[in-house]
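Chemist: Predicted model, plus sequence, below.
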Amino acid sequence: MRKSFILGLMALAALGCNSVDAPAPFGVVPTAQQVEWQKMEYNMFVHFGPNTFSGAEWGSGRESADIFNPTALDCRQWVAIAKAAGMKGIIITGKHHDGFCLWPNPVSRHTVAQSSWRDGQGDVLKELSDACREYDMGFGIYISPWDRHDPHYGTDEYNNVFVQTLEHALGNYGPVFEQWFDGACGEGPNGKVQVYDWPLFNSTVYKMQPDAIIFSNSGPGCRWVGNERGMAGSTCWSTINVNEDFTGPELSRQELNEGIQGGNTWAAAESDVSIRPGWFWRESENDLVKSLQHLLKIYYESVGHNSLLLLNVPPDTRGLIHEADSTRLMELRAAIDEIFSVDLAAGAAVEATNVRGGSKRFSASNLLDQDYDKYWATDDNVTTASFTVTLPEERTFNRVQLQEYIPLGQRVSAFSIEALSADGAWTTIAEETTIGHKRIVHTPVTTTTAVRVNILAAEACPVLNGFSLFHDTIYSAE
């Protein structure tokens with residue numbers, strides 16, 4: 001009888017722990033699609049078109065359509081390389097500023113249909129989207145609003161033409177995970193002035209592809225990182241301030257790079273950069289592909305700074321990714337695998353100064369759990385807290401990886417990391433600001449039996465779902 005009574009009390013206690021409410025979402029939070037987009041972390045950009053053959057970065061729009069003539073186009077090669085490199089999706093320049101369309105756009109007279117390539121029957125978007133489906137890779141489309149060829153550009157009618165362009169590109173090639181709107185325009189003071197109807201453009205995207213992430217300086221899905229070096233700010237919030245229709249106010253380069261704490265819109269940073277000096281392939285740049293060290297720096301300052309890395313790898317005039325680029329991509333993949341293959345926090349024990357409601361559901365041990373939806377959280381009134389990771393034995397590391405559970409918002413604004421010294425004292429080895437989806441902190445090479453993370457400031461109770469330790473012996477700052 002007594003044993004049954006005790007077991008009943010234990011069951012009630014366990015039930016009580018499990019009934020502790022999860023933290024309420026804080027501020028603006030990402031949609032389910034934005035969370036999945038952030039999890040991709042690393043995608044391929046593909047600049048391809050008449051500029052590939054002319055050597056220009058911005059075409060004039062007056063090029064003959066016949067200049068586009070890849071002799072051995074193989075989109076499956078692109079996708080296979082991207083997959084092997086560890087990327088999750090590909091975004092192609094379906095229409096760059098010159099207006100040339102890589103698909104037979106019925107509202108344009110400057111497309112593959114007007115070229116002699118494949119007797120006007122070619123369609124790069126179809127071949128790439130088919131290859132992406134075959135390899136289970138995301139397919140995205142870049143369509144520049146600026147158009148140096150279309151005679152309607154600079155008039156009200158152009159917005160309607162552009163909408164039809166979007167409808168055709170987004171309605172005929174299956175799911176599109178990201179629609180990329182480039183904000184560049186080099187018309188100059190005497191050029192054509194086009195007032196873009198962004199609310200109409202965005203609503204058209206969502207009509208055709210409801211789950212697509214829309215990229216632009218103001219979102220609404222994700223934002224430009226503010227530079228073309230692929231580097232997000234050391235402080236990087238996923239939130240910005242924009243108008244309800246996602247037009248203006250124009251954000252500064254710093255605001256794009258760092259985000260805005262407490263912003264009214266969730267639009268995480270996307271870091272776009274080319275593996276070469278230019279965005280389009282040039283034979284003269286075959287020996288100028290970025291070094292492994294440079295690419296690792298970019299990876300750490302994009303993916304490791306709460307941003308998604310979009311690395312441009314331009315196909316050559318054959319319509320193939322050049323050997324120099326693919327070789328470097330494989331070197332980068334091998335380095336990333338080596339650096340992050342062994343989590344030195346494995347087998348550790350974790351204790352926190354506060355656990356939400358004392359519930360196992362929010363235990364600090366969740367920080368080492370591989371289940372994305374398990375996390376450590378504190379009570380609502382606790383915005384400063386610490387957790388200590390006690391290792392099974394002395395281990396040596398120089399990278400600390402932290403992750404916030406962003407479905408509930410981005411919260412942490414300052415934290416520090418300490419290591420236990422041999423004399424029993426705690427030594428600070430890093431002090432940083434934001435975390436977000438993923439933060440990879442560089443520390444001195446440290447050998448210790450315990451690591452402590454102190455949340456020094458947060459907008460609401462901390463909610464973290466990842467902690468790892470790694471030792472990088474490959475990267476050395478350039």
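Modeler: Cool, got the structure.

Chemist: quick one: the strands in the stretch 51-200 of the chain?
Modeler: 89-95, 138-143, 178-180 (DSSP state E, counting those that start in this stretch).

Chemist: Any idea which of these gets closest to I336?
Modeler: strand 89-95 (16.9 Å; Cβ to Cβ). C-beta coordinates here come from the backbone N, C-alpha and C atoms, glycine included.

Chemist: avg pLDDT for the closest one?
Modeler: Average pLDDT, strand 89-95: 98.

Chemist: could you give the angle of that strand to strand 138-143?
Modeler: Per axes from the mean of the first three to the mean of the last three Cα atoms, to 10 degrees, the angle that strand 89-95 makes with strand 138-143 is 20 degrees.

Chemist: for strand 89-95, packing partners?
Modeler: Secondary-structure packing of strand 89-95 (3 or more Cβ pairs under 8 Å, 6 or more residues apart in numbering; DSSP states H and E): strand 42-46, helix 75-84, helix 124-134, strand 138-143, helix 156-171, strand 178-180.

Chemist: for the ones you listed, which one ends up most surrounded?
Modeler: strand 178-180 (a mean of 26; mean count of other Cβ atoms under 10 Å).

Chemist: helices or strands next to it in the packing?
Modeler: strand 89-95, strand 138-143, strand 213-216.

Chemist: Recalculate using a threshold of 6 Å.
Modeler: The helices and strands touching strand 178-180, judged by 3 or more Cβ pairs under 6 Å, 6 or more residues apart in numbering; DSSP states H and E, are strand 213-216.

Chemist: what residues does the strand it packs on touch?
Modeler: With contact meaning Cβ atoms under 6 Å, 6 or more residues apart in numbering, strand 213-216 is reached by 37, 178-181, 202, 205, 220-222, 270.

Chemist: and those residues as CSV, adding pLDDT?
Modeler: What follows is the contacts of strand 213-216, written out as CSV (pLDDT from 0 to 100):
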residue, pLDDT
W37, 98
E178, 98
Q179, 98
W180, 98
F181, 96
N202, 97
V205, 98
P220, 95
G221, 97
C222, 98
E270, 98
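
Chemist: Turn the strands of the stretch 51-200 of the chain into a markdown table, columns for distance to A131.
Modeler: Below are the strands of the stretch 51-200 of the chain laid out as a markdown table (distance: least, Cβ to Cβ, whole Å):
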| stretch | distance to A131 |
| --- | --- |
| strand 89-95 | 9 |
| strand 138-143 | 9 |
| strand 178-180 | 17 |
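
Chemist: circling back: between the contacts of strand 213-216, which is nearest I90?
Modeler: Proximity of the contacts of strand 213-216 to I90 (Cβ to Cβ) peaks at E178, which lies at 9.8 Å.

Chemist: State the distance from that closest one to R62.
Modeler: Look at E178 and R62: by Cβ to Cβ, to the nearest Å, they are 30 Å apart.

Chemist: any idea which residue sits dead centre in this protein?
Modeler: L308 (1.7 Å; Cα atoms, centre = their mean).

Chemist: about what we covered before: reformat the contacts of strand 213-216 as JSON lines; add distance to K83.
Modeler: Below are those laid out as JSON lines (distance: Cβ to Cβ, whole Å):
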{"residue": "W37", "distance to K83": "18"}
{"residue": "E178", "distance to K83": "17"}
{"residue": "Q179", "distance to K83": "22"}
{"residue": "W180", "distance to K83": "20"}
{"residue": "F181", "distance to K83": "26"}
{"residue": "N202", "distance to K83": "30"}
{"residue": "V205", "distance to K83": "26"}
{"residue": "P220", "distance to K83": "29"}
{"residue": "G221", "distance to K83": "23"}
{"residue": "C222", "distance to K83": "22"}
{"residue": "E270", "distance to K83": "20"}
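
Chemist: buried subset of the residues you listed?
Modeler: Among the contacts of strand 213-216, those scoring as buried are 37, 178-181, 202, 205, 220-222, 270 (criterion: 16 or more other Cβ atoms under 10 Å).

Chemist: which among these gets closest to G171?
Modeler: Closest to G171, out of all of the buried ones among the contacts of strand 213-216 and judged by Cβ to Cβ, is V205, at 10.8 Å.

Chemist: tell me the contacts of the closest one?
Modeler: 179, 212, 214.

Chemist: mind pulling up the phi and psi values for it?
Modeler: Here is the backbone geometry of V205 (degrees, to the nearest 10): phi -60, psi -50.

Chemist: now it, nearest residue through space, not along the chain?
Modeler: Q179 (4.8 Å; Cβ to Cβ, 6 or more residues apart in numbering).

Chemist: measure the one you found to W224 for me?
Modeler: 14 Å.

Chemist: For Y299, find the nearest of the strands of the stretch 51-200 of the chain.
Modeler: So among the strands of the stretch 51-200 of the chain, strand 89-95 is nearest, using Cβ to Cβ, at 16.4 Å.

Chemist: what does the closest one contact?
Modeler: 40, 43-47, 49, 82, 101-102, 125, 128, 137-138, 140-144, 169, 177-178, 180.

Chemist: What's the separation between the residue nearest to V205 and A212?
Modeler: On the measure of Cβ to Cβ, Q179 and A212 end up 5 Å apart.

Chemist: Quick check: L309 touching Y42?
Modeler: Yes. Using Cβ atoms under 6 Å, L309 makes contact with Y42 at a distance of 4.9 Å.

Chemist: which residues do those two both contact?
Modeler: Counting by Cβ under 6 Å, 6+ apart, nothing touches both L309 and Y42.

Chemist: what's the span of stretch 455-464, first residue to last?
Modeler: One end of stretch 455-464 to the other measures 10 Å (Cα to Cα, to the nearest Å).

Chemist: Would you indicate which residues of that stretch are buried?
Modeler: Across stretch 455-464, burial judged by 16+ other Cβ under 10 Å covers 455-456, 458-464.

Chemist: For those residues, work out which two are farthest apart.
Modeler: Using Cβ to Cβ for every pair in the buried residues of stretch 455-464, the one that comes out farthest apart is L456 and V463, at 15.8 Å.

Chemist: so where's the stretch 351-478 of the chain shaky on pLDDT?
Modeler: Residue ranges of the stretch 351-478 of the chain with pLDDT under 70: 478.

Chemist: what do you get if the cut-off is 90, keeping everything else the same?
Modeler: 476-478 (pLDDT under 90).

Chemist: ok, now which ones touch the residue nearest to V205?
Modeler: If you count contacts by Cβ under 6 Å, 6+ apart, Q179 has them with 205, 212, 214.

Chemist: go again using 7 Å as the cut-off
Modeler: Q179 is in contact with 141, 170, 205, 209, 212, 214-215, counting by Cβ atoms under 7 Å, 6 or more residues apart in numbering.

Chemist: now swap in S291 and tell me
Modeler: S291 touches nothing, counting by Cβ under 7 Å, 6+ apart.

Chemist: Now do it, the pLDDT please.
Modeler: Note for S291: predicted pLDDT of 98.

Chemist: try D245
Modeler: At D245, the predicted lDDT confidence score is 80.

Chemist: Report the spatially nearest residue to it, omitting neighbours in sequence.
Modeler: Excluding the flanking residues, the one nearest D245 by Cβ to Cβ, 6+ apart is P199, at 4.5 Å.

Chemist: tell me, how many neighbours does that neighbour end up with?
Modeler: 13 (other Cβ atoms under 10 Å).

Chemist: That one and S218, how far apart?
Modeler: 11 Å.

Chemist: Ok, P407 next?
Modeler: Counting by Cβ to Cβ, the gap from P407 to S218 is 23 Å.
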